[in-house]
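> generate a structure from the sequence data that follows.
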Amino acid sequence: MPPKWPREPDRSDPEYRRLDDIWTFAAHVAVFSSVNSGMWFFNIFLRANWSWATAMTGIWASVILVHYLYVFKIANYSPNSNG
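Residues are numbered from 1 along each chain as shown. Below is the predicted model of the structure:
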């Protein structure tokens, strides 16, 4: 069961904004993992030579890294920031 937010969710609330960004990042990682594991499974299972698979994984992993850096290093969740 997901955690329950103790008050009315409001994107202007810094704690809620941070939690929302972390959940969004987790969903991004989950979709990346699911799609890439399936893609590589079928690439190997079918003995396909999908030259684009490596590029897709690398580019998407780079986007995940940028998303991580934003959420955990760059974003300002202080009460006086404008989100």
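
> number of nearby residues for the nearest residue to residue 56 once chain neighbours are set aside?
Setting aside the residues directly before and after it, residue 56 is nearest to residue 39 in space (Cβ to Cβ, 6 or more residues apart in numbering), at 7.3 Å. Just so you know, the C-beta spots here come from the backbone N, C-alpha and C atoms, and that holds for glycine as well. Look at residue 39: counted by other Cβ atoms under 10 Å, it has 16 neighbours.

> and what of the one 10 residues further on?
Other residues within reach of residue 49 by the criterion other Cβ under 10 Å amount to 7.

> again with residue 7
Around residue 7 there are 8 residues (other Cβ under 10 Å).

> quick one: contacts for it?
Listed by Cβ atoms under 8 Å, 6 or more residues apart in numbering, the contact set of residue 7 reads residue 13.

> distance check, it against residue 32.
32 Å (Cβ to Cβ, to the nearest Å).

> then residue 74?
Counting by Cβ to Cβ - residue 74 and residue 32 are separated by 20 Å.

> more neighbours: which of these two?
More crowded of residue 74 and residue 32, by other Cβ under 10 Å: residue 32, with 16 against 9.

> cheers, nothing more for now.
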